[in-house]
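**Q** compute the structure for the input listed below.
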Amino acid sequence: MSNLRLGVMGGTFDPIHFGHLIAAEAVAKSYELDSVIFVPTGNSWQKNSLASAQHRLAMTQLAISYFPDFQVSSVDVERTGDTYTVDTLRDLKGQYPTAQFFFITGADSLAGIGTWKDSEELWNLAHFVGVTRPGHKLEVPKSPAGAVTLLEIPALAISSSEIRAKVVSGESLEGLVPIKVLEYMDKHNLYRGNND
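**A** Numbers count the residues shown, from 1 in each chain. Sure thing, here's the model as predicted:
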């Protein structure tokens, strides 16, 4: 187990959708990863979540149930205070001390990595894979040689904000989110303005 290659996909997942899953699958294939760990944020320092951390964690667990090589970690939900990538990676490094990590994030988010907490330490914790949708200019952030690679993912045209807007307007979410996630959203009446 000492040569594990693990993807880490952190995000608010508010809600998780097929774009996230397809991006993780593409990175896993491209980088020959043993598994991808999805890590929903607890309290994001950058975004305000509409659904609670527990709802977002539950939806992520339902979504990855279709993918045997994916798993979910609750480290960011269980930690108090704001969620920072460096803390996520430190915690996972503690659980898998000999693994090689590949942190998967949107190329737009990655462009601002210099502003992230303890950004210099990040390069020692993981290789960063910036995923982007076709047609968007790929900006490689200032980083050590070989620390960042970029990958185009057509399915990233899907966005969580678009999905939330469709819920409000009553439009179909078919093909955007896994059916188990859709059923969960309906059951808990998420994104209709009265979330817990």
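
**Q** going forward, measure contacts and count neighbours with C-alpha atoms only.
**A** Noted.

**Q** so which residues of the chain form strands?
**A** Using DSSP state E, the strands assigned to the chain run over residues 5-11, 35-40, 43-44, 70-72, 82-83, 100-106, 127-132, 148-152.

**Q** pLDDT-wise, which helix or strand of this protein ranks last?
**A** In the chain, the helix or strand scored least confidently by mean pLDDT, DSSP states H and E is strand 43-44, which has a mean of 71.

**Q** residue contacts, G106?
**A** Listed by CA atoms under 8 Å, 6 or more residues apart in numbering, the contact partners of G106 are 130-132.

**Q** same deal with V27?
**A** Contacts for V27 were tallied using CA under 8 Å, 6+ apart; they are 7, 33, 104, 129, 151.

**Q** measure how buried the second one is and give me the count.
**A** So that's L33. The criterion is other CA atoms under 10 Å. On that basis, L33 has 19 neighbouring residues.

**Q** tell me the one of the contacts of V27 nearest R164?
**A** The shortest approach to R164 among those belongs to I104, at 22.8 Å (CA to CA).

**Q** before we move on, the earlier item: among the strands of the chain, which one carries the weakest average confidence?
**A** Set side by side, those give their lowest mean pLDDT on strand 43-44, at a mean of 71.

**Q** pLDDT weak spots in the chain?
**A** The model of the chain has pLDDT under 70 over residues 1-2, 44-49, 135, 138, 155-156, 193-196.

**Q** nearest to P178, of the strands of the chain?
**A** Ranking the strands of the chain by proximity to P178 (CA to CA) places strand 70-72 first, at 14.6 Å.
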